[in-house]
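Visitor: dropping a prediction and its sequence here:
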Amino acid sequence: MYERIADDLRDAIRNNTLRDGQNNPTDQLPGEIALAEQYGVSLGTAQRALNQLRDEGLIDRTPKRGSRVRQARRKFLRDGIRRLEGDSEHRFMLADIDTRQLQVRHFESGSRTAEVHEEEMVRCFGSHMRLLYRHRVYEVDDSPASLATSYLPLYLFPDGGEALLRPDSGSGGIWARLAEAGHEVVDADEYLDCRMPTAEEAQELRIPPRTPVFVLYRVAENSRGQVVDLAVIVLPGDRWRLRYKVLQQVPARNAEARG
């Protein structure tokens with residue numbers, strides 16, 4: 001029975017036919033008690049229908065406001081074209097948030113080794129190397145926007161990476177600190193995965209159930225081909241859009257034929 005209730009409410013949301021007591025358009029859905037009385041079902045069945053719509057990302061449910069239609073949010077644009085502009089020190093670090101202000105809501109740092117199941121870290125550093133890490137939760141307009149964790153080999157820094165353990169690592173960021181230690185970044189690759197978030201990621205990003213995340217890995221190397229920085233960036237799929245420019249190169253033989 002809960003499927004029928006969910007279907008009816010889903011149609012009302014999509015057709016904009018939800019009405020309040022005065023027959024005015026509203027984004028407020030009936031509560032469990034009202035739905036249970038209307039359909040002649042238990043409170044648990046009505047609640048299951050509303051939870052279904054919440055899990056689909058159609059509504060938000062809070063104790064104080066009840067169930068409301070989720071408002072479409074303006075997505076952040078991570079623009080691969082813009083990221084190729086500017087100097088190499090900052091080109092990968094642009095915040096693609098238009099005029100909205102990006103802030104660090106939470107920061108933690110320390111040292112650790114990679115766990116066996118952390119495939120990317122083991123691939124870059126092995127399973128026994130001691131690493132510095134910097135974990136940040138970024139937010140825009142009081143809403144979490146992304147998680148970013150950087151991993152750097154501890155042995156690169158004679159002072160133990162003191163500056164990197166602070167929220168503000170100094171002018172130029174962590175790549176500048178690498179350059180000062182004799183490990184200037186000369187190349188970086190980015191690749192992207194899409195998966196469901198871990199429980200910790202979902203909690204930090206405050207994303208609804210069944211919302212996938214983009215996971216972007218940025219691997220930076222020095223002139224000797226050593227990985228000196230692995231950044232793992234988690235972007236909620238309901239808040240981000242990715243844009244890349246694909247340039248088509250004309251094969252040399254075809255160009256000669258047309259010449």
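Guide: In hand now; what should we look at?

Visitor: and residue 79, how many neighbours?
Guide: 16 (other C-beta atoms under 10 Å). Any C-beta I mention is one placed from the backbone N, CA and C, and that applies to glycine too.

Visitor: should've said residue 32
Guide: 19.

Visitor: and for residue 47?
Guide: Residue 47: 18 surrounding residues under other C-beta under 10 Å.

Visitor: for the residue lying closest to it once chain neighbours are set aside, give me its contacts.
Guide: Using C-beta to C-beta, 6 or more residues apart in numbering and skipping the chain neighbours, the partner closest in space to residue 47 is residue 32 (4.9 Å). By C-beta atoms under 8 Å, 6 or more residues apart in numbering, the contact list for residue 32 reads 43, 46-47, 50.

Visitor: those into a markdown table, with extra columns for distance to residue 151?
Guide: Output for those, formatted as a markdown table (distance: C-beta to C-beta, whole Å):
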| residue | distance to residue 151 |
| --- | --- |
| 43 | 48 |
| 46 | 47 |
| 47 | 42 |
| 50 | 41 |
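
Visitor: returning to what we had before: any idea how far the residue nearest to residue 47 is from residue 186?
Guide: Relative to residue 186, residue 32 is positioned 59 Å away (C-beta to C-beta, to the nearest Å).

Visitor: show me where the stretch 51-200 of the chain has helices.
Guide: 119-125, 173-180, 199-205 (DSSP state H, counting those that start in this stretch).

Visitor: nearest to residue 22, of these?
Guide: Taking C-beta to C-beta, helix 199-205 is the member of the helices of the stretch 51-200 of the chain nearest to residue 22, at 37.5 Å.

Visitor: tell me the mean pLDDT for stretch 235-248?
Guide: The predicted model assigns stretch 235-248 a mean pLDDT of 79.

Visitor: now it: how far from the chain's centre is it?
Guide: Relative to the centre of its chain, stretch 235-248 is centred 12 Å away, using C-alpha atoms, centre = their mean, to the nearest Å.

Visitor: tell me what the closest residue to residue 110 other than its chain neighbours is bridged to.
Guide: Setting aside the residues directly before and after it, residue 110 is nearest to residue 133 in space (C-beta to C-beta, 6+ apart), at 6.2 Å. Under DSSP bridges, the beta-bridge partners of residue 133 are residue 110, residue 151.
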